[in-house]
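Participant: 3D model of this:
(2 chains)
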Amino acid sequence: MKLAASIHRKLPVQAAIAAVVIVILVASAKAIDTDLFSLAGNLDQMGVVFSKLASPDWSYLPKVLPAVAETLQMAITGTILGAAAAIPIAFLATAPMTGSRLLSTIVRGFLNIIRTVPDLLLAALFVAVVGIGLFTGMLAIAVFTFGVVSKLVYEAIDTIDQGPVESLTAVGATRTHVARYAVVPQILPNMISYTLYAFEINVRASTVLGYVGAGGVGVTLQASMGLMRYDRVSVIIISIFVVVLAIDAFSAWARRRLL
Amino acid sequence: MAVKELRPPLAGKPRLSLGRILTIIAVVSVVVWAFAGIGWVRIGSSWSLVLGAIVRGFLHPDWGYVEDGTSEDLLSLLLLTLAIAFCGTVIAVLGAAPLAFLAATRPGRRRAPVPVATGIFFTIVRTFPEIVLAVIFVKMVGPGPFAGALAIGVHTIGMLGRLYAEEIEKLDVGPDQSMVAVGATRAQILIYSQLPRLIPQFLSLALNRFEIAVRSAAILGIVGAGGIGTPIIFAVASRSWDRVGIILIGVVIMVSLIDWISGMLRRRLR
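Facilitator: Take a look at the predicted model:
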């Protein structure tokens, strides 16, 4: 690190940035009616909630486990469908693969829009179209995965080693051949890794999709929250916690095995 | 293992060992189980009608909702959503930065129980669904944006804390050792050697989490935690698709804008 980069030389700039941040913070805090006294005044409420959370009602576990299994089914199928749809689109989003800069720009714009829609909102829309249930959750997760994985894959295609591509083009391979023999082998490990990454996110996301009617443990969670049965909520959260940790461990193991 | 990694990508299929076959069977049966459990037949029969109504609504969004002079229109609620995300992120940074120093294991500082305990705390907070946190805070401080900011803040502490701890662990110890050698105190090392290298990384990660917080803030209104989520859920429930359409357009523009600005700032921080 150069001396010029140390905090002394940059102090005026940093003070200015800090001032801007503080101004935004004060404005935001005003906008959201920050009331620290209400927080302090209701600490006993928090105590009540947490004391119930601390004594889980284990007799509820047999009801929770099938819902957790459903959630996993939703996450697995959604991830597979979303990732499968993402791969051809990712090829369309890269100019060297399509031969048209316009087409790839349009595809990228479309993918950007899909990625900005929050997953719960997607689920709420799908609930309206196809009704409540696991199928809806699967669709929402598939679309969400599609957005995440397609971006990661087209970025991977952007940064591959161009050597094999040039060699194949030089001997007269078609674009399909280049994609199959020069691009896919290079991005295959990345693709698997990204799909696992999306799967980890999806397991977390799928646990709350039931909140808008998309099936899984979220439905049970919402019901227990509505009844203020925090002892049941606690069982549900512990189950989610165990599943999420197990999936993360599995995903780390699978990544080591495959790469 | 090293030989396997050197294998060129096209050098034939990997050998089929017993373990590999068992793994494939296990994966295939899990996938079959998952697809079998979805319940494909339960799709409503009126889906084409509903889809048609949604498409019509989206093609003719309710422009009058963008600004109607009250504090309940689209623009004010989008700004409120941003305010929730910003306050949440600030709460998270203030909480995560000091805790990350406890969670990081650095050479020469052996206090194993503290890093392990802090790491477990981060994991628990991170796994707690944000919407459950929002419901708990709605109970505590009443429905409104403040509850949303607290939920995002607490959830993001778990996320940022781990990332910050990783940044601290990655720090080169050279400058710290030089300062120890000339007799600097621990506070001086922190201020003159560690913080100048950490702050750009911390800010960059905070901006990234802010982008995610904006998406969360847009939906937490579903449980009464303020922002644009409340009108979304009302509009979906009352099937006013023109209203849903304009809100969706607003959310997409807001999120894209924030991602773009934040991306620019993060490139400057590098």
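
Participant: biggest helix in chain A, by residue count?
Facilitator: With DSSP state H applied, the helix covering the greatest number of residues in chain A is identified as helix A:61-92.

Participant: give the next helix or strand downstream of that helix.
Facilitator: helix A:95-98 (DSSP states H and E).

Participant: neighbouring contacts of stretch B:263-270?
Facilitator: Residues from elsewhere that reach stretch B:263-270 (Cβ atoms under 8 Å, 6 or more residues apart in numbering or on different chains): B:Pro200, B:Leu203, B:Ser204, B:Leu207, B:Asn208. (C-beta placed from N, C-alpha, C; glycine too.)

Participant: so how far is it off the chain centroid?
Facilitator: Relative to the centre of its chain, stretch B:263-270 is centred 19 Å away, using Cα atoms, centre = their mean, to the nearest Å.

Participant: same check, this time on stretch A:27-46
Facilitator: Centre-to-centre, stretch A:27-46 and its host chain are 30 Å apart (Cα atoms, centre = their mean).

Participant: closest to the centroid, which residue in chain A?
Facilitator: Of all residues in chain A, the one closest to the mean position by Cα atoms, centre = their mean is A:Ile201, 4.1 Å from it.

Participant: now check the longest helix of chain A, is it near chain B?
Facilitator: Yes - contact of helix A:61-92 with chain B (Cβ under 8 Å from any Cβ of the partner chain) involves A:Ala69, A:Glu70, A:Leu72, A:Gln73, A:Met74, A:Ile76, A:Thr77, A:Ile80.

Participant: pLDDT at B:Ile136, what is it?
Facilitator: The score at B:Ile136 is 83. That number is its pLDDT.

Participant: spit out the contact partners of it.
Facilitator: B:Ile136 makes contact with A:Met46, A:Val49, B:Ala151 under the criterion Cβ under 8 Å, 6+ apart.

Participant: rewinding a little: list the buried residues of the longest helix of chain A.
Facilitator: When burial is assessed from 16 or more other Cβ atoms under 10 Å in any protein chain shown, helix A:61-92 yields the following buried residues: A:64, A:67-83, A:85-87, A:89-92.

Participant: ok, now stretch A:32-52?
Facilitator: Burial within stretch A:32-52, assessed by neighbour count using 16+ other Cβ under 10 Å, is assigned to A:Ile32, A:Thr34, A:Leu39, A:Asn42, A:Val49, A:Lys52.

Participant: need the helix or strand of the chain with the lowest average pLDDT.
Facilitator: Chain wasn't specified; assuming chain A. Ranked by mean pLDDT, DSSP states H and E, the helix or strand of chain A with the weakest confidence is helix A:36-41, at a mean of 70.

Participant: the intended chain is chain B.
Facilitator: Going by mean pLDDT, DSSP H and E, chain B bottoms out at helix B:2-6, a mean of 46.

Participant: what about chain B, any weak spots by pLDDT?
Facilitator: Within chain B, the set of residues satisfying pLDDT under 70 comprises B:1-16, B:40-45, B:106-111, B:270.

Participant: for the most centrally placed residue in it, give its distance to chain A.
Facilitator: For chain B, the residue nearest the mean C-alpha position is B:Ile212 (4.2 Å; Cα atoms, centre = their mean). With distances taken as Cβ to the nearest Cβ, to the nearest Å, B:Ile212 is found 10 Å from chain A.

Participant: B:Gln177: how many residues sit nearby?
Facilitator: The burial metric for B:Gln177, expressed as a neighbour count using other Cβ atoms under 10 Å in any protein chain shown, is 13.

Participant: over to A:Val107?
Facilitator: Residues lying near A:Val107 (other Cβ under 10 Å) number 20.

Participant: which residues does it contact?
Facilitator: The contact partners of A:Val107, taken as Cβ under 8 Å, 6+ apart, are A:Ile89, A:Leu92, A:Ala93.

Participant: again, only this time at 6 Å
Facilitator: A:Leu92, A:Ala93 (Cβ atoms under 6 Å, 6 or more residues apart in numbering or on different chains).

Participant: for the stretch 1-150 of chain B, what lies in contact range of chain A?
Facilitator: B:9, B:34-35, B:37-39, B:42-44, B:47, B:50-51, B:80, B:83-84, B:86-87, B:90, B:127, B:129, B:131, B:135-136, B:139-141, B:145-146, B:149 (Cβ under 6 Å from any Cβ of the partner chain).

Participant: so the closest residue to B:Leu205 other than its chain neighbours is in which element?
Facilitator: Using Cβ to Cβ, 6 or more residues apart in numbering or on different chains and skipping the chain neighbours, the partner closest in space to B:Leu205 is B:Leu163 (5.1 Å). B:Leu163 belongs to helix B:145-170 when elements are defined using DSSP H and E.

Participant: show me what that helix is packed against.
Facilitator: For helix B:145-170, the helices and strands in contact under the criterion 3 or more Cβ pairs under 6 Å, 6 or more residues apart in numbering or on different chains; DSSP states H and E are helix B:74-103, helix B:113-127, helix B:130-141, helix B:195-217.

Participant: now do it: distance to the chain's middle.
Facilitator: Per Cα atoms, centre = their mean, the displacement of helix B:145-170 from the mean C-alpha position of its chain is 9 Å.

Participant: output the helix or strand that it is followed by as PDB, nothing but the C-alphas.
Facilitator: Moving toward the C-terminus from helix B:145-170, the first helix or strand encountered (DSSP H and E) is helix B:174-181. Output of helix B:174-181 as PDB, limited to C-alpha atoms (Å, rounded to 0.1, in the frame of the first residue of the first chain):
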ATOM      1  CA  GLY B 174       3.000  -8.200   7.000                       C
ATOM      2  CA  PRO B 175       2.000  -4.600   7.800                       C
ATOM      3  CA  ASP B 176       0.600  -5.600  11.200                       C
ATOM      4  CA  GLN B 177       3.900  -7.400  12.100                       C
ATOM      5  CA  SER B 178       5.900  -4.300  11.000                       C
ATOM      6  CA  MET B 179       3.800  -2.200  13.300                       C
ATOM      7  CA  VAL B 180       4.200  -4.600  16.200                       C
ATOM      8  CA  ALA B 181       8.000  -4.500  15.600                       C
END
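
Participant: quick one: buried residues of the following helix or strand past helix B:174-181?
Facilitator: Per DSSP H and E, the first helix or strand lying C-terminal to helix B:174-181 is helix B:186-189. By 16+ other Cβ under 10 Å, the buried positions in helix B:186-189 come out as B:Ile189.

Participant: can you tell if helix B:186-189 touches chain A?
Facilitator: No - no part of helix B:186-189 sits close enough to chain A to count as contact by Cβ under 6 Å from any Cβ; the gap is at least 12.3 Å.

Participant: quick one: contacts of that helix?
Facilitator: Around helix B:186-189, the neighbours that count as contacts under Cβ under 6 Å, 6+ apart are B:Asp176, B:Met179.

Participant: quick one: that helix to chain centroid distance?
Facilitator: Centre-to-centre, helix B:186-189 and its host chain are 32 Å apart (Cα atoms, centre = their mean).

Participant: kindly report the same for stretch A:237-249.
Facilitator: How far stretch A:237-249 lies from its chain's middle: 16 Å, per Cα atoms, centre = their mean.

Participant: buried residues, it. List them.
Facilitator: For stretch A:237-249, the buried set under the neighbour-count rule, 16+ other Cβ under 10 Å, comprises A:Ile237, A:Ile238, A:Ser239, A:Ile240, A:Phe241, A:Val243, A:Val244, A:Ile247, A:Asp248.

Participant: what do you get for stretch B:93-110?
Facilitator: In terms of neighbour count (16+ other Cβ under 10 Å), stretch B:93-110 has its buried residues at B:Val93, B:Gly95, B:Ala96, B:Ala97, B:Leu99, B:Ala100, B:Phe101, B:Ala103, B:Ala104, B:Arg106.
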